[in-house]
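Trainee: The following comprises the amino acid sequence and a computationally predicted model.
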Amino acid sequence: MKWFEYGNDRAGTVEVAASVASIVVGVGILTLPRLVAQTTESSDGWISIAAAGAVAIFLGWVMARYCGLLHDQGFYAFNAKLVSAPVSACFTTLIALYFILYTAYEVRAIANISKQYLFERTPVEFIALAFLLVVAYAVAGSREGILRLNLIFLPPVIVIAAAVLVFSIGIFNIHDLRPFFVTDWKGLAAGTKNSIFSLIGFESILFYSTMMKYPKAAPRAVAIGLSIPVMFYLLLYLVCVGVFTQPALMEITYPAVELAKEAQIPGEFFERFESLFFAIWIMTIFNTASMSFDVCVHALDSMMPRTGRIKWVIGISPVIYLVCMYPKNPGEVGKLGDLISYSGLTVAILVPILLYLYALMRGARAAA
């Protein structure tokens, strides 16, 4: 019966696309407009975001094609046959460490933002611990459940995000977008780099593609999943420039949250709209942290399956907490984010693409 098809352990194209969109739309969306505004002039940042989106979709498509070779073997098992078990174990461990850092950054970022906007008197250590415990509880369950949560959480996030943009039209000044095309190529390149950093996370497809009913649909799922945050990033950036102006946007720490505070709801029947926006956004960051934690656990478990999933969750959770609390100030948190971004581009994106090219040279074929 069709109504029970979600009881199986296979994911469809829609689920994977929603998962890619959810893991990408995390903390980065809250700060991206400011980072782009700091490296570009006027409203030219949209060029950087569009270029970064095109690059990310292309890289995601290539990685998804590589996922078609993994079949049901998984990343470690396939590469153990391709480049030997020790080399495959080294790559898999590096990716697991990268996702540990990724999860730690998400936990620390949500703790910092929650303290600033919601829990002013609560120590950031307790906020991070509470959030991490909820994430660990989710990861201790089934992987299919984490994927399917995205189908529940992503629609409300899209609706609230769209509402923020629509309700900001009343204070939007189109003249603040002018002049056009005044940024040099160095500024656009820097903005593109920052935008690409906000789009990483789609590399999780390496460990979720083996759950798909139709592996050949992975490239389409990744392309659709990445298109959602790219379009939203573009609209959010342009609206932020039109509302705050580009010079002011450079000084706002979390432009997306501040935009929600400025949104004018007709009739003024709902105050503090940013609280609703932030509460909904926590769901997305929860999904991002849960999937990155899950990928880390699955990567390590694929190499040492006798350890058991629960033991990995219990063992990794303190490591994530210690890493997330290591930065002492926002500047150090930013440096951690840069480290994760560069690590993701090299370890989790460049290395799999090189492995894919090598596999093609060896004559490997994708799943049907």
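Mentor: On my side now, so go ahead.
Trainee: any weak-confidence spans in the stretch 51-200 of the chain?
Mentor: Nowhere does the stretch 51-200 of the chain drop to pLDDT under 70.
Trainee: so where do the helices sit in it?
Mentor: Secondary structure of the stretch 51-200 of the chain (DSSP state H, counting those that start in this stretch): helices at 75-83, 85-117, 124-139, 143-167, 185-197.
Trainee: ranking those by burial, who's on top?
Mentor: helix 85-117 (a mean of 21; mean count of other CB atoms under 10 Å). From N, CA and C alone the C-beta is placed, and that goes for glycine too.
Trainee: could you check the angle helix 75-83 makes with it?
Mentor: Helix 85-117 and helix 75-83 are oriented at 140 degrees to each other (axes from the mean of the first three to the mean of the last three CA atoms, to 10 degrees).
Trainee: Between helix 124-139 and helix 85-117, find me the angle.
Mentor: 130 degrees.
Trainee: quick one on the thing from earlier: out of the helices of the stretch 51-200 of the chain, which is closest to Ile280?
Mentor: Nearest to Ile280, of all the helices of the stretch 51-200 of the chain, is helix 143-167, at 4.5 Å by CB to CB.
Trainee: which helices and strands does that closest one pack with?
Mentor: In terms of contacts (3 or more CB pairs under 8 Å, 6 or more residues apart in numbering; DSSP states H and E), helix 143-167 is packed against helix 13-24, helix 124-139, helix 218-244, helix 255-262, helix 273-303.
Trainee: need the least confident one among those, by mean pLDDT.
Mentor: For the helices and strands packed on helix 143-167, mean pLDDT drops lowest on helix 255-262, to a mean of 82.
Trainee: And for that helix, what's in contact with it?
Mentor: Contact partners of helix 255-262, identified using CB atoms under 8 Å, 6 or more residues apart in numbering, comprise 29-31, 33-34, 113, 117, 164, 168, 171, 236, 239-240, 243-244, 249, 252, 272-274, 276-278, 281.
Trainee: Can you flag the buried ones in those?
Mentor: Among the contacts of helix 255-262, those scoring as buried are 29-31, 33-34, 113, 117, 164, 168, 236, 239-240, 243-244, 249, 252, 273-274, 277-278, 281 (criterion: 16 or more other CB atoms under 10 Å).
Trainee: and the closest residue to Phe99 other than its chain neighbours, what does it touch?
Mentor: Distances taken as CB to CB, 6 or more residues apart in numbering put Cys296 closest to Phe99, at 4.0 Å, once the chain neighbours are dropped. For Cys296, the contact set (CB under 8 Å, 6+ apart) comprises 96, 99-100, 103, 316.
Trainee: The residue nearest to Gly344 when sequence neighbours are not counted: neighbour count?
Mentor: Spatial nearest neighbour of Gly344, chain neighbours left out: Ile200 (4.3 Å); criterion: CB to CB, 6+ apart. Per other CB atoms under 10 Å, the neighbour tally for Ile200 reads 24.
Trainee: repeat for Val27
Mentor: By other CB under 10 Å, 23 other residues sit near Val27.
Trainee: for Phe58, same thing?
Mentor: Neighbours of Phe58 (other CB under 10 Å): 12.
Trainee: and the gap between it and Val27?
Mentor: Per CB to CB, to the nearest Å, Phe58 is found 24 Å from Val27.
Trainee: same question, Phe180
Mentor: Counting by CB to CB, the gap from Phe180 to Val27 is 30 Å.
Trainee: related to what we said a few turns ago, any chance of CSV for the contacts of Cys296, columns distance to Pro330?
Mentor: Putting these into CSV (distance: CB to CB, whole Å) gives the following:
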residue, distance to Pro330
Ala96, 27
Phe99, 23
Ile100, 21
Thr103, 19
Ile316, 25
